[in-house]
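Enquirer: requesting a structural model of the entry that follows:
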Amino acid sequence: MRRTTKEAKKNKKVSKNLIIISIILLIISLLIKKTMAIRTILYLLSLVVLVIGIKYKRKKFKDAFFIFIVAFVAYIILDGIIVVTFKRIPIFSYNIITTGKTRVYNSIGVRVWQCDKDNYKDLVVDPFYNKGYICDVDEIDPIQSNSFLNSVIENYDEYKNTYVKITGKISKKNGQNSIEMQPYTTTDITVNGYVTFADNITLRILFKQSEPLLDQYDVYDEITVVGIIKNMEQSHNKYVVYMYDTKISSNINLNDYKITTVNSNKCTLSDAIYSNEKNILYKYCLEDIIVSFGEDNQYELATALSSNKITIRDLYYGAKEETNEEDGTIIYRLDNYSLLICDSNKSNKIVIGNAKMKFSDINCD
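Expert: Residues are numbered from 1 along each chain as shown. Got it, this is the predicted structure:
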């Protein structure tokens, strides 16, 4: 009996010492900030020593196995709490993605962004993977969508589980939630809309949350996005590649636009080219009217107006004003075109014409 009591005391003391050692190893592993192998080893060693310490009290193997599972789950939860509370890199990272200077640690229930892999202070913690790509996208070289999609199988194998920046034209848009890109061929006309998409290869770009910036873009628009290539589906010689965690890295500045015109030899009033609840717009003595936002996004006037990229008021912003005192008609003159607005009490007609358009050219009745 004395031996049993003495042995029990000894086992209890050993168990206590092992648990203390386990706690020390745990604390040391948590104090290490950088992603070092020794950090993970100490953390796991702490877990093993803890289980051995508890098992030393003559627990059965079944009990020890249960204790190990519970302790393992507890250690994972503890790791997550430490990550969220103190903005630390997770020890249990099942996947680490490095793109340029950026490193992303994917753990159970939490993700950590290290936008500078040499900086362990300015970390961004993303619980439950709610955010898309959050780091600076300038360091990533863009890939043209045609280059990526025309060799889709090879590029998918190369870029799978990697964050990439892709520039291309939108072939399909689903509100603020997703867009698609497909290989396209252009025509000699550079205005948006004059491209032909191939329907056998698609890059489906998904956003983590609704993206208001997509309201600036329409089908055929040029856009640049950054996201992670995850998976690919193939069916009947058609391929769909999926991009997740997407961030838009381009911008259409709707306040910076240019309107160019091409005069026509036929100075007759056209059919209506655009209408809203207040006005009907016609053109006179003009062949083409192009609205440009930078070099990559050019629109016919009707398209720019119907997509709300510009308004009727934008057409005469900063113009010189002339008024016909007889009928209240106004002409706004700019360098390359004029805009005639009939008296709203008589007509809802608006006419965009060449720079020399006169009141007598247009009948407001």
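Enquirer: from Phe66, how far out is the residue nearest to Tyr56 when sequence neighbours are not counted?
Expert: Excluding the flanking residues, the one nearest Tyr56 by C-beta to C-beta, 6 or more residues apart in numbering is Ser15, at 4.2 Å. C-beta here means a position set from N, CA and C on the backbone, and glycine is covered the same way. According to C-beta to C-beta, to the nearest Å, Ser15 stands 17 Å off from Phe66.
Enquirer: quick one, which of the two is more surrounded?
Expert: Each of Ser15 and Phe66 has its neighbours counted (other C-beta atoms under 10 Å); Ser15 has more, 18 against 12.
Enquirer: list the buried ones in whatever helix or strand the more buried one lives in?
Expert: Using DSSP states H and E, the element containing Ser15 is helix 2-31. Using 16 or more other C-beta atoms under 10 Å as the test for burial, helix 2-31 gives 15, 18-19, 21-22, 25-26, 29-30.
Enquirer: quick one, domains of the chain?
Expert: 2-86, 142-248, 258-361 (automatic domain parsing).
Enquirer: give me phi/psi at the spatially most central residue of the chain?
Expert: For the chain, the residue nearest the mean C-alpha position is Lys247 (1.8 Å; C-alpha atoms, centre = their mean). The phi/psi pair for Lys247 (degrees, to the nearest 10) reads phi -130, psi 140.
Enquirer: before we move on, what about the one 4 residues further on?
Expert: The main-chain torsion angles of Asn251 are listed as degrees, to the nearest 10 and equal phi -150, psi 130.
Enquirer: quick revisit: need the contact list for the residue nearest to the centre of the chain.
Expert: Lys247 sits next to 132-134, 137, 225-227 when contact means C-beta atoms under 8 Å, 6 or more residues apart in numbering.
Enquirer: now, the most widely separated pair of these?
Expert: Using C-beta to C-beta, the two most remote members of those are Ile134 and Val225, lying 13.8 Å apart.
Enquirer: pick out whichever of those two has more residues nearby.
Expert: Taking other C-beta under 10 Å, Ile134 and Val225 do not tie; Val225 has more neighbours (27 against 15).
Enquirer: I figured the more buried one hits Thr246, correct?
Expert: Yes. Using C-beta atoms under 8 Å, Val225 is in contact with Thr246, at 5.2 Å.
Enquirer: give me the common contacts of the two.
Expert: With C-beta under 8 Å, 6+ apart as the test, Val225 and Thr246 both reach Ile205.
Enquirer: low pLDDT regions in the stretch 101-250 of the chain?
Expert: 188-190, 193 (pLDDT under 70).
Enquirer: wait, isn't the residue nearest to Tyr56 in contact with Gly53?
Expert: Yes. At 4.9 Å, Ser15 counts as touching Gly53 under the criterion of C-beta under 8 Å.
Enquirer: out of the contacts of Lys247, which sit inside strands?
Expert: 225-227 (DSSP state E).
Enquirer: for Asp343, state which of these is nearest.
Expert: Of the ones in strands among the contacts of Lys247, the one sitting nearest to Asp343 (C-beta to C-beta) turns out to be Val225, at 47.3 Å.
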